[in-house]
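Visitor: model this:
(one chain, ligands or ions: 1)
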Amino acid sequence: MPSLPPTVSFDSLKVVAGLAFATHLLVQLAEPMVTHFLAAYLSVLFTYILFQSFSAGFPLSSSILGALLLATTYNVVIFSSIGVYRLFLHRACKFPGPASLALSKWAFVPSDAVGQRPQKTDELHKQYGDIVRVGPREISINDPTALPAIMGFSAPTIKGPWYYVAHTDNHPRSCSLHTCIDPALRKLRRKIWDPAFSIRALQEYENQIRTTTNETMDQLAARSEKNETIPVDQWAMYFAFDIMGQLGFSKGFGLVQLGTLSKPIHLLEEAMQAFMTLGCVSWLAPLTRLLPNPIKSFEDYCQEAVDERKMNGGKHADIMSYLLAEDKETGVKHTPEEIKADSGLIIVAGSDTSSSSLSMAIYLLLQHPECLRKAREEVDSIFEGQEVNDFEALKKCVYLTACLNEAMRLFPPVASGLQREIPSNSSPVVASLRNGEKVIIPPGMVVTFPTYSVHRDPRNFSPAPEKFRPERWVNPEKEIAFNKNAFLAFGHGPTSCIGKNLAWMEMRCFLASFIKRFDGKLDDSFDDAAFQAGIKDTFTMTRTKPLMVKLVERPASS
Ligand code: HEM
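Guide: Below is the predicted model:
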């Protein structure tokens, strides 16, 4: 048996093992922050080394060796204790799922790294059933019947640990509305946000949407004249980012004029993947906040835009004018930190999502000429001899709307699902399932609804749930299955998308203008399999392969 370094005895190993076990119990009860825990851990180790070397007189090498042995003992015991607890004793053990995810959500990192979380979760549901344990204390429920209990207006849940990752610090009044967890504060903040999306406010935004749409179409026309192959999905992004800059705080990014992403936006797109992966291990967030901020230039850009906006006022109606005001009833106002975070949110929530829906709708229409013909006939007849600029008339484009809904069903812009937590001081939640059974979910558990799987489930949408069939939205009553409660593209309940109606205005205006003005075909070199494989889930959707299209202006439009 190998001998121990002179600084370590078997008794000290036993004490350290006991300490590790006690730490596990403490973590269960008090959930200390990882930074505090690491600081304490490292301080004890260094104090031990210093004491053994300078007070007890042992050589430095023996002291370090002893410290490493004690640390290894501590680590092995604490990880074994946590592992055994998670695998056999945890309240989530009653739910089926792979042991790897029961041990740690790190097991999701390989699929997150390639943006395939929705597909991975889908496989798990096919293997384990409608309820799968996808983390030590997290389950995924592939059954929209359970939605009201978890995400409905009277559900006792809060946003889950994933949202904590995007906080810049630990202060409750410095995060965006989207990542705000406290339900009472969220309610107050939604009250300030709501008027920015009222019917009157949306009417005030119409002009800006028209202008940016026309500018984008003109830029596309100029490129089509030169017979260029055009990355249409990129242009949908330039369009959506410019609109959100203008409608957010009266400062467009000028991307449509530039014909490229600016540096801050590019950085933001790249950082989304890191957020997604880090969401698996949200307890690490306080530690990663000590590292250089990967989206600093994007945040600086938002701050500058807000400062400029405050100084000069808005050039036209914008969302910021509402966010800077106080709620008349309660007198509550956003803090400067919240305004900064919300300005970033406007960009992220409003741009990636709408541009992804548009890109996928165009992709699917080009793949399905018969659907494109129908959508175009509808637009041509509603806007005969005139420009697409009447938002009331756009609402009458039923088939066009169906195409967009169907694109979001097959390729939801927020695909991996939305996470909610049952607070540890609340009662268990009893959720109904489609088979009439009930599931009891203990407090402290986290629940996710896998949007991608729910959308492609034949029990919700049939026939051909994997196929692009806009018709299912036109006559839903004739479908074998059409469960409108299973359409989660805009979320569900009190935290669902506040910008939904604005998104519809943008998407209908862009798509109708696009198909009215251009004939298009996928470039000969377009690789369909590569394009689909390049679609990544980074909380919102990222496309790594461009949608290269040849466009020709239609005679009627010129
Ligand atoms: C097709 C376009 C869009 C889709 C599919 C979409 C989807 C969603 C989803 C799924 C959520 C819930 C996220 C969660 O619970 O974590 C959400 C929230 C949100 N969306 Fe959208 N969105 C779209 C467009 C927009 C636009 C144009 C805006 C305008 C600024 C916007 C602003 C927001 C905001 C502020 C939230 C946070 C609401 C809250 O936490 O209370 N979205 N969106």
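Visitor: hang on, isn't residue 376 packed against residue 516?
Guide: Yes: contact criterion CB atoms under 8 Å: residue 376 and residue 516 qualify, at 7.0 Å. All C-beta spots, glycine's among them, are computed from the backbone N, C-alpha and C.
Visitor: enumerate every residue touching the residue of the stretch 451-558 of the chain found nearest the ligand.
Guide: When scored by CB to the nearest ligand atom, the stretch 451-558 of the chain has residue 499 as its residue closest to the ligand, at 2.1 Å. Going by CB atoms under 8 Å, 6 or more residues apart in numbering, residue 499 touches 197, 349-350.
Visitor: run the last query once more with 6 Å
Guide: residue 350 (CB atoms under 6 Å, 6 or more residues apart in numbering).
Visitor: need the contact partners of the lowest-mean-pLDDT helix or strand in the chain.
Guide: Averaged element by element with mean pLDDT, DSSP states H and E, the chain has its least confident helix or strand at helix 263-278 (a mean of 78). Applying CB under 6 Å, 6+ apart, the contact partners of helix 263-278 are 109, 112, 165, 241, 294-295, 297-298, 301, 538-539.
Visitor: now a PyMOL select for only the buried ones of these.
Guide: Of the contacts of helix 263-278, the buried ones can be selected in PyMOL as follows, counting by 16 or more other CB atoms under 10 Å:
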select buried, resi 112+165+241+295+297+298+301+538+539
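Visitor: would TSV of the contacts of helix 263-278 with distance to residue 126 and secondary structure be doable?
Guide: Formatted as TSV, those follow (distance: CB to CB, whole Å; DSSP: H, G, I helix; E, B strand; the rest coil):
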residue	distance to residue 126	secondary structure
109	21	helix
112	19	helix
165	28	helix
241	37	helix
294	35	coil
295	36	coil
297	42	helix
298	38	helix
301	43	helix
538	24	strand
539	23	coil
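Visitor: which one of the contacts of helix 263-278 sits closest to residue 186?
Guide: residue 165 (17.3 Å; CB to CB).
Visitor: just to revisit the earlier point, tell me the pLDDT of the residue of the stretch 451-558 of the chain closest to the ligand.
Guide: Residue 499 is assigned a predicted lDDT (pLDDT) of 98.
Visitor: so what does whichever helix or strand residue 338 is part of touch, helix or strand wise?
Guide: Here residue 338, judged by DSSP states H and E, is contained in helix 336-367. Here helix 336-367 touches helix 232-249, helix 296-312, helix 398-410, helix 500-517, strand 540-543, going by 3 or more CB pairs under 6 Å, 6 or more residues apart in numbering; DSSP states H and E.
Visitor: pull the contacting residues for residue 417.
Guide: So residue 417 contacts 448-451 (CB under 6 Å, 6+ apart).
Visitor: swap in 10 Å and give it another go.
Guide: Shown in contact with residue 417 (CB atoms under 10 Å, 6 or more residues apart in numbering): 117-118, 121, 134, 140-142, 162, 447-454, 488, 491, 537.
Visitor: out of those, who's near the ligand?
Guide: residue 491 (CB under 6 Å from any ligand atom).
Visitor: and the residue nearest to residue 521 when sequence neighbours are not counted, how many neighbours?
Guide: Nearest residue to residue 521, sequence neighbours excluded (CB to CB, 6 or more residues apart in numbering): residue 550, at 5.4 Å. Residues near residue 550, counting by other CB atoms under 10 Å, number 17.
Visitor: which one among the contacts of helix 263-278 gets closest to residue 481?
Guide: Nearest to residue 481 among the contacts of helix 263-278 is residue 539, at 28.5 Å by CB to CB.
Visitor: state the pLDDT value of that closest one.
Guide: pLDDT at residue 539 comes out at 87.
Visitor: what sits against it?
Guide: With CB under 10 Å, 6+ apart, residue 539 has these contacts: 115, 117, 162, 165-166, 272-273, 275-276, 279, 348, 352, 413-416, 418.
Visitor: residue 480 too?
Guide: Per CB under 10 Å, 6+ apart, neighbours of residue 480: 458-459, 461-465, 472.
Visitor: give me phi/psi at it?
Guide: phi -60, psi -40 (degrees, to the nearest 10).
Visitor: what's the closest non-adjacent residue to residue 401?
Guide: residue 508 (6.7 Å).
Visitor: same deal with residue 405?
Guide: Nearest non-adjacent residue to residue 405 (CB to CB, 6+ apart): residue 473, at 4.9 Å.
Visitor: tally of neighbours for the one you found?
Guide: Other residues near residue 473 number 21, with proximity taken as other CB under 10 Å.
Visitor: does it touch residue 371 like I think?
Guide: No: taking contacts as CB atoms under 10 Å, residue 473 lies outside contact range of residue 371: 11.5 Å.
Visitor: for the two, list the residues in contact with both.
Guide: Any residue near both residue 473 and residue 371 by CB under 10 Å, 6+ apart counts here, and that gives 399, 402-403, 406.
Visitor: which two among those residues are spaced furthest apart?
Guide: Based on CB to CB, the longest span within these runs between 399 and 406 and measures 10.2 Å.
Visitor: show me which of those two is the more surrounded one.
Guide: Remark: of residue 399 and residue 406, residue 406 carries more neighbours, 24 against 17, as counted by other CB under 10 Å.
Visitor: wait, what's in contact with the more buried one?
Guide: 360-361, 364-365, 368, 371, 461, 467-473.
Visitor: can you list the residues of the stretch 151-300 of the chain near the ligand?
Guide: Counting by CB under 6 Å from any ligand atom, the stretch 151-300 of the chain sits next to the ligand at 177-178, 190.
Visitor: most neighbours of all those residues, which one?
Guide: Busiest of these [other CB under 10 Å] is residue 177, holding 21 neighbours.
Visitor: spatially nearest residue to whatever residue of the stretch 51-200 of the chain ends up closest to the ligand, not counting backbone neighbours?
Guide: Closest residue of the stretch 51-200 of the chain to the ligand, CB to the nearest ligand atom: residue 178 (4.1 Å). The shortest distance from residue 178 to any non-neighbouring residue, by CB to CB, 6+ apart, is to residue 345 (5.2 Å).
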